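**Q** okay, sequence plus prediction incoming.
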Amino acid sequence: MPRLRRVRPRTAGEEADRLSALPEELNRLILSKLGTRAALSTAVLARRWARIPRELPAFDFRVRDILPPEYDRTVALRARNLPRDKALARTLDGLVASCELGTMKAFVDGVTGFLEADGGRARRRAKTLASWTG
């Protein structure tokens, strides 16, 4: 027997959810054109979408995708030898190192959890695992 899904009644002015009306094959095709980060982010849209990203043919996991925006700004400042105050520069260097360590731990935990969640089937499709990009 097909599973029934509960439909939330639309309120006045609310648009119809046209993405959910698309066939799964078309959703899979759309997601395959996105990057891994964007495709995995769609899993929060609906229960139906949660498993689709795991069915994609390959995944590219990159640390760069989870670094906070402040990281790039701080590294750019340090590349220009700013700030000139040595104590402040050491503090910034410590913050960058701490950010890198925390990001790597979160990256490893996230990728490991993702690859193990479906019994290891996704592990065979991990195309790129970029541990660091400068």
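**A** Yep, it's here.
**Q** got the CA coordinates for stretch 27-46 in CSV?
**A** Coordinates of each C-alpha in stretch 27-46 appear next as CSV, following Å, rounded to 0.1, in the frame of the first residue of the first chain:
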residue,chain,number,x,y,z
ASN,A,27,15.3,15.7,-8.5
ARG,A,28,18.4,13.4,-8.6
LEU,A,29,19.4,15.0,-11.9
ILE,A,30,19.1,18.5,-10.5
LEU,A,31,21.1,17.6,-7.4
SER,A,32,23.8,15.9,-9.5
LYS,A,33,24.5,19.3,-11.1
LEU,A,34,25.0,20.9,-7.7
GLY,A,35,28.2,20.8,-5.6
THR,A,36,28.3,18.2,-2.8
ARG,A,37,27.7,20.9,-0.1
ALA,A,38,24.6,22.3,-1.8
ALA,A,39,23.3,18.8,-2.6
LEU,A,40,23.6,17.6,1.0
SER,A,41,22.0,20.8,2.2
THR,A,42,18.8,20.0,0.4
ALA,A,43,18.3,17.0,2.7
VAL,A,44,16.8,19.4,5.3
LEU,A,45,14.0,20.5,2.9
ALA,A,46,11.8,17.5,3.3
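**Q** what's in contact with that stretch?
**A** Contacts to stretch 27-46, defined as Cβ atoms under 8 Å, 6 or more residues apart in numbering, come from residues 19-20, 22, 49-53, 55-57, 59-62, 65, 114. Backbone N, C-alpha and C define where each C-beta goes, glycine included.
**Q** now, these that are in strands?
**A** Within the contacts of stretch 27-46, membership in strands is found for 59, 60, 61, 62, as judged by DSSP state E.
**Q** how about residue 48: what's its closest non-neighbour residue?
**A** residue 20 (6.7 Å; Cβ to Cβ, 6 or more residues apart in numbering).
**Q** state the distance from that neighbour to residue 26.
**A** Taking Cβ to Cβ, to the nearest Å as the criterion, residue 20 is separated from residue 26 by 12 Å.
**Q** sounds good, over and out.
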